[in-house]
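1. Could you look at this predicted model? Sequence included:
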Amino acid sequence: MHTHDCKLLNCSMACRFPDFGMLSPSGDFNSVIDAVFITHFHLDHVGALPYFTEVCGYTGPIYMTYPTRAIAPLMLEDYHRVLMDRPGSGPLFAKHHIAACMAKVSLLDLQETVQIFDGCDVTAHNAGHVLGAAILHLRVGAESVVYTGDFNTVPDRHLAGASLGRLCPDLLISEATYAASIREGKLARESSLMAQIHESVSSGGKVLIPVFAVGRAQELMLLIDDYWDKTQLDVPIYMSGPMAARANQYYRLLLNWTSSRVKQGRLGARPTAFAFNRAQQWQPEYINQPGPCVLFATPGMLQGGTSLEVFKAWAPNPKNLVLLPSYQVAGTVGRKLMLGQRKGLLVDKTPLDVNCKVHYASVSAHADAKGILQLIQQVSPAAVMLVHGEPDKMAFMQSKVQNSLGIQCFMPATGDEVEIDSKELTEVPVSQQLLRRLPLSVEQLQERWQQHQQHERVKDATAVHRQLGHGHQQQQQQGEMGEAAVAIDSASDSIGTAAAGWLQQGDVGQLAGAAKKLAGLSVATGQTAASATDAHATQNTKQQQQQLPISAAARAEQLAPWLELLAAAAAQDAKQQPQQQQQQQDSSSNKQTGDQLQQQQQQDPQQQ
């Protein structure tokens, strides 16, 4: 696929910041990028945006959904604060750059299509990952790309799952975070998680849940709040940091972006939705207070902040529980715990013996391997590119896509270039009558083509014979209809002859055009006959016409019957051409004979 433009989809902070110089070595990003689209507010997708706009100098349009625009500044401000507090790692952009960057954002709704320039547009679809997350469908002329960002096909308490129609793009760029994992059912995972929490607090233990402040935190809070209601547990629930409380306010304001369960159910009353009245603000002095409790603390991978400090204090006690609900990046303390490291775990360069229970219950908002394959089948792309995953897991998914689905799949490394062929669409006007005949077998197509030509020849002969016994006006009408049928038949033969050469040359574009012309000839035949008998029937035939977009290659199964019909036309034309020439000569001779007889019949009464 070759396009003259470049779209930047997400602006992440992986490995600190991306190497934007790969997009434009000169640093003139406005000349190579037409628009930037942010799929959702997580830092690995939006963290470098202020740097890109305010430091690198990109001034073009930026698009994101309403929830992403509302919550992204909270994430960026918290990220800036963490960088300021971390020794030896100052931020690469200033705090005021965040507001300046957000002021340049254009808002995008789900199912809304925005035009970037003439012939290029982007449509946003629900991704089901976090509030306002979007899957983007980019179209440039006849070429198209679907970029998933992070997505989840399984609906949860506050979000609907991602679901796309048969978009049939040239390329699907899909995340592959859990490309080699298949999770338990949602209810089983939630039951296991709540059983672990209940057991721990019932024995007097404390539960630490490291989360990102926005996204899974709200989902888990809804789950625990609901469970506390059912079981009447009297155990305090805490949230660390002000960001989660601020995010909950935006969730209440953006209630229309949540699931129908939240909007219509018990949780849907606006005064209480996402209010979490049981939750209290965490204070550092609570870390050693006696008694059970549940703490939602950031960050979600125990790589610093409140969650790491509390973990170091609570890890030695076997009554306590660390619950890891989401993906843990390699190298983080969370990942080491997930892999089973307990004795001498290095935390801030200090060994720590972990005696508390550790439970990994994936309530992640990413699709697992089953969900990824499900989305690929729904979208039906010509090719797939896997990103946002670990190489060995992406290799597993690549094998599945290619072997099970028969779709070409790529997993390029950073800096690799991949060239993907794309096929343009050819619009073919087809009558509803012909559409009902498809698909047909090759034998049926050949038989119907032969019947069509035989019908035209019989009609020609009938028209000549009728001329011998009718008046001059009727003879003229029948003669015109016969001549029109002969002309159509000749044109069809020429298409068949040309189709033979195109089939040999593999010229799909010419074949598609021939199919279009052939369909027009088939309709013209019916219209010519109708015009001689019934003008109303002609109008009905015209109204039956509709445009059927058929892709010459990616939709080969739809176009194949027409190509087979053309092949049959070519073969039949080569076989019947000598006979047709003789029949046309005979028809001409018969017409001349009929004219002579008619003239003779008109002269005889005068002589008598």
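-> On my side now, so go ahead.

2. you'd agree Ile224 is up against His198?
-> No - using Cβ atoms under 8 Å, Ile224 makes no contact with His198, being 10.3 Å away. For glycine as for every other residue, the C-beta is placed from the backbone atoms N, C-alpha and C.

3. Look at the two and report which has more neighbours.
-> More crowded of Ile224 and His198, by other Cβ atoms under 10 Å: Ile224, with 23 against 15.

4. Which secondary structure state does that one sit in?
-> helix (DSSP: H, G, I helix; E, B strand; the rest coil).

5. Offset the numbering so it begins at 8, please.
-> Right, with 8 as the first residue, what we last looked at is Ile231.

6. where's it relative to Ala286, distance?
-> 9 Å (Cβ to Cβ, to the nearest Å).

7. hey, what's in contact with both of those two?
-> Common neighbours of Ile231 and Ala286, counting by Cβ atoms under 8 Å, 6 or more residues apart in numbering, are Ile244.

8. So Glu426 versus Met392, what's the distance?
-> Note on Glu426: its distance to Met392, by Cβ to Cβ, is 12 Å.

9. more crowded one of the two?
-> More crowded of Glu426 and Met392, by other Cβ under 10 Å: Met392, with 21 against 7.

10. dump the residue contacts of the more buried one.
-> 178-181, 416-419, 425.

11. and the residues you listed, which are buried?
-> Using 16 or more other Cβ atoms under 10 Å as the burial test, those include 178-181, 416-418 as buried.

12. Between the residues you listed, which sits nearest Gln381?
-> Ser181 (11.1 Å; Cβ to Cβ).

13. I figured the closest one hits Gly396, correct?
-> No - between Ser181 and Gly396 there is no contact under Cβ under 8 Å: 9.2 Å.

14. nearest to Leu83, of the buried ones among the contacts of Met392?
-> Ranked by distance to Leu83 (Cβ to Cβ), those are led by Ile180 at 24.4 Å.

15. Tell me what the closest one is bridged to.
-> Judged by DSSP bridges, the bridge partners of Ile180 are Tyr154, Met392.

16. how near is it to Asp157?
-> On the measure of Cβ to Cβ, Ile180 and Asp157 end up 12 Å apart.

17. Next one: Ala140 from Val221, what distance?
-> 11 Å.

18. got it, and Ser369?
-> Counting by Cβ to Cβ, the gap from Ser369 to Val221 is 18 Å.

19. Which one's more surrounded, the two?
-> The neighbour count for Ser369 versus Val221, taken as other Cβ under 10 Å, is higher for Val221 (26 against 17).

20. quick one: contacts for the nearest residue to that one once chain neighbours are set aside?
-> Excluding the flanking residues, the one nearest Val221 by Cβ to Cβ, 6 or more residues apart in numbering is Ala254, at 4.4 Å. Ala254 is in contact with 78, 81, 220-221, 224-225, counting by Cβ under 8 Å, 6+ apart.

21. can I get the contacts of Met392 in a markdown table with pLDDT?
-> Formatted as a markdown table, those follow (pLDDT from 0 to 100):
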| residue | pLDDT |
| --- | --- |
| Leu178 | 95 |
| Leu179 | 96 |
| Ile180 | 97 |
| Ser181 | 96 |
| Cys416 | 96 |
| Phe417 | 95 |
| Met418 | 94 |
| Pro419 | 93 |
| Val425 | 89 |
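
22. Which of these sits closest to His52?
-> Ile180 (13.3 Å).

23. hang on, isn't the closest one packed against Ser151?
-> No - at 11.5 Å, Ile180 does not count as touching Ser151 under the criterion of Cβ under 8 Å.

24. Once you drop chain neighbours, what's closest to Thr120?
-> Counting by Cβ to Cβ, 6+ apart, the residue nearest Thr120 is Thr130, at 4.4 Å.

25. ah, wrong one, I meant Phe36
-> Excluding the flanking residues, the one nearest Phe36 by Cβ to Cβ, 6+ apart is Tyr65, at 4.5 Å.

26. ditto for Leu309
-> Using Cβ to Cβ, 6+ apart and skipping residues adjacent in sequence, the residue nearest Leu309 is Val340, 3.8 Å away.

27. separation between the one you found and Gly248?
-> Val340 sits 18 Å away from Gly248, going by Cβ to Cβ.

28. So for the two, which residue has more residues nearby?
-> Taking other Cβ under 10 Å, Val340 and Gly248 do not tie; Val340 has more neighbours (26 against 18).

29. What distance do you get for that one to Ser266?
-> 33 Å.

30. Check Ser387 too.
-> 26 Å.

31. do the same with Glu426
-> 40 Å.

32. Next: Ser31.
-> Distance from Ser31 to Ser266, by Cβ to Cβ: 41 Å.

33. Output the lowest mean pLDDT helix or strand found in the chain.
-> None of the helices or strands of the chain scores lower by mean pLDDT, DSSP states H and E than strand 552-558, at a mean of 36.

34. how about the strands in the stretch 108-257 of the chain?
-> In the stretch 108-257 of the chain, the strands defined using DSSP state E, counting those that start in this stretch lie at 112-115, 120-124, 127-133, 141-147, 150-154, 178-182, 213-217, 244-246.

35. Pick the most buried one from those.
-> Highest mean neighbour count of the strands of the stretch 108-257 of the chain: strand 213-217, a mean of 27 (counted as mean count of other Cβ atoms under 10 Å).

36. which helices and strands does it pack with?
-> When contacts are defined as 3 or more Cβ pairs under 8 Å, 6 or more residues apart in numbering; DSSP states H and E, strand 213-217 sits against helix 193-209, strand 300-304, helix 312-321, strand 328-331.

37. what's Ala134 in contact with, if anything?
-> Ala134 makes contact with 46-47, 140-142, 155-159, 169, according to Cβ under 8 Å, 6+ apart.

38. mind redoing it with 10 Å?
-> 46-47, 72, 117, 140-143, 155-160, 166, 168-169, 171, 182, 372, 374, 382 (Cβ atoms under 10 Å, 6 or more residues apart in numbering).

39. again, but for His373
-> 135-136, 157-160, 182-186, 188, 190, 333-334, 379, 395-396.

40. next one: Asn37
-> Asn37 touches 31, 64-67, counting by Cβ under 10 Å, 6+ apart.

41. Turn those into a markdown table, columns for secondary structure.
-> Compiled in a markdown table, the contacts of Asn37 are given as follows (three-state DSSP):
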| residue | secondary structure |
| --- | --- |
| Ser31 | coil |
| Gly64 | coil |
| Tyr65 | coil |
| Thr66 | coil |
| Gly67 | coil |
